[in-house]
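Participant: Sequence first, then the predicted structure, then my questions.
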Amino acid sequence: MRPLLPFALALLLALPAAAQQAADPEAEFAVARPAFAAGAGPRLVIDGGHHNFHKVDGRYAPFAAVVRADGFQVAGSEGRLTAEGLAGVKVLVIANALHASNVGGDNWVLPNPSAFSREEIAAVKAWVEAGGGLLLIADHMPFAGAAQELAQAFGFSFSNGFVQREAKGPDLFTPESGLKADIVTAGRDASETVTSIRTFTGSAFTAPAGARPLIVLSRGYVSKEPRVAWAFDKDTTVIDAEGRLQAAVMPYGRGRVAVFGEAAMFSAQLSGPEKTPIGFNAPDAVDNRKLLLNVVRWLAGVLPAA
């Protein structure tokens, strides 16, 4: 969600996250060749009922703007996830949900209970099995912990930490470094093929046998799992993340699931007093918008299942 920045900006990250990040209103939202006529596409709902750090009218407004430009009917939701509420929805986006006990940057400490009740998880699972498309995004701790039970219902398992690597520089994934070939990275034609993705810290996860990896972490990546967010010391648990994932897709029943371990890559944010671009507005995030569109189109059935 946040990049690994030089020391001066790293100090800034100790401030409450909500005060540092805002949607970039000047980002590029246009879609050259929309999948649907304006407003005539399927319903896409962005969850806002679970203390989400990213909502349709907040930090995921850029996400919403892009998929609206692709013709999707976009709305936010509040409250619990139920069968009735999901009726008629084709794509459900859940980005960085939280349990009430962890709301606010000062409360990003362990434990990180599930943001979703057992009843909600059962409703979402049944909806996907019946043909829904779920995009589940869970960033670094505490978001990964809050999404764990929902992810596990589909066979995925998050490491509730912060993905970092030994080498300096941005986290860029290409076909030579962790970005995998798939219908979701290929798109409808060569103009939509994804060849480079930039992520911003996030979490790592493992996937069940039926899932197809899109982003695989290479040697040198670790998941640092502190008790308090961003507070790393000699006692912090460190897990080797080589081979773990930051993105994967999987058909499930008659529906589809896409899981991502990083949220900012699909938004366009400005961070801190210097308004550093984070997301698909970053200069080196050249194909992030392409991947966003390919993912939601895949979930909606525009792209083949495999």
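Facilitator: On my side now, so go ahead.
Participant: wouldn't residue 198 be in contact with residue 170 here?
Facilitator: Yes. With contact defined as Cβ atoms under 8 Å, residue 198 counts as touching residue 170 (5.9 Å). Any C-beta I mention is one placed from the backbone N, CA and C, and that applies to glycine too.
Participant: out of the two, which sits in the busier spot?
Facilitator: Higher neighbour count among residue 198 and residue 170: residue 198, with 22 against 13, using other Cβ atoms under 10 Å.
Participant: OK, contacts around that one?
Facilitator: Remark: with contacts taken as Cβ atoms under 8 Å, 6 or more residues apart in numbering, residue 198 is in contact with 170, 171, 172, 173, 265, 282, 284, 285, 286, 288.
Participant: Leaving out sequence neighbours, find the closest residue to residue 171.
Facilitator: Closest residue to residue 171 apart from its sequence neighbours, by Cβ to Cβ, 6 or more residues apart in numbering: residue 199 at 4.7 Å.
Participant: I figured the one you found hits residue 217, correct?
Facilitator: No. At 9.8 Å, residue 199 does not count as touching residue 217 under the criterion of Cβ under 8 Å.
Participant: Find residues that contact each of those two.
Facilitator: Common neighbours of residue 199 and residue 217, using Cβ under 8 Å, 6+ apart, are 163, 246.
Participant: quick one: strands adjacent to the helix or strand harbouring residue 259?
Facilitator: Residue 259 is part of strand 255-260, with elements assigned from DSSP states H and E. Paired neighbours of strand 255-260 in the sheet (DSSP bridges): strand 133-137 (parallel), strand 245-252 (antiparallel).
Participant: now the helices for the protein?
Facilitator: Along the chain, counting by DSSP state H, helices occupy 7-12, 61-69, 83-86, 118-129, 143-152, 183-186, 288-300.
Participant: So for stretch 218-227, first residue to last residue, what's the gap.
Facilitator: 25 Å (Cα to Cα, to the nearest Å).
Participant: Give me the contacts around it.
Facilitator: With Cβ under 8 Å, 6+ apart as the test, stretch 218-227 has contacts from 109-110, 141, 159-167, 177-178, 203-204, 232-233, 236-242, 244.
Participant: any idea of the mean pLDDT for it?
Facilitator: Mean pLDDT, stretch 218-227: 97.
Participant: now it, how far from the centre of its chain.
Facilitator: Stretch 218-227 sits 18 Å away from the centroid of its parent chain (Cα atoms, centre = their mean, to the nearest Å).
Participant: Same check on stretch 146-160?
Facilitator: 13 Å.
Participant: Can you mark which positions in it are buried?
Facilitator: Neighbour-count burial for stretch 146-160 flags 146-151, 153-156, 158-160 (criterion: 16 or more other Cβ atoms under 10 Å).
Participant: just the strands in the stretch 201-306 of the chain please.
Facilitator: Using DSSP state E, counting those that start in this stretch, the strands of the stretch 201-306 of the chain run over 204-206, 212-216, 221-225, 237-240, 245-252, 255-260, 268-271, 276-279.
Participant: helices or strands next to the second one in the packing?
Facilitator: Meaning strand 212-216. For strand 212-216, the packing partners by 3 or more Cβ pairs under 8 Å, 6 or more residues apart in numbering; DSSP states H and E come out as helix 183-186, strand 245-252.
Participant: which residues does the spatially closest residue to residue 292 that is not a sequence neighbour contact?
Facilitator: Excluding the flanking residues, the one nearest residue 292 by Cβ to Cβ, 6+ apart is residue 266, at 4.8 Å. Neighbouring residues of residue 266 by Cβ under 8 Å, 6+ apart: 60, 63, 95, 137, 260, 279, 280, 288, 291, 292.
Participant: per-residue pLDDT, residue 266?
Facilitator: Residue 266 is assigned a pLDDT of 98 by the prediction.
Participant: again with the one 3 residues further on
Facilitator: Note on residue 269: pLDDT of 94.
Participant: how near is it to residue 300?
Facilitator: Note on residue 269: its distance to residue 300, by Cβ to Cβ, to the nearest Å, is 25 Å.
Participant: before we move on, back to that, residue 191: which of the contacts of residue 266 is nearest?
Facilitator: Distance to residue 191, by Cβ to Cβ, is smallest for residue 291 among the contacts of residue 266, at 13.6 Å.
Participant: And that closest one, how far from residue 143?
Facilitator: For residue 291 relative to residue 143 (Cβ to Cβ), the value is 20 Å.
Participant: more crowded one of those two?
Facilitator: residue 143 (31 against 25).
Participant: quick one on the thing from earlier: can you lay out the strands paired with strand 255-260 as a markdown table showing mean pLDDT, mean neighbour count and distance to residue 67?
Facilitator: Formatted as a markdown table, the strands paired with strand 255-260 follow (pLDDT from 0 to 100; neighbours: other Cβ atoms under 10 Å; distance: least, Cβ to Cβ, whole Å):
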| stretch | mean pLDDT | mean neighbour count | distance to residue 67 |
| --- | --- | --- | --- |
| strand 133-137 | 99 | 26 | 10 |
| strand 245-252 | 98 | 24 | 17 |
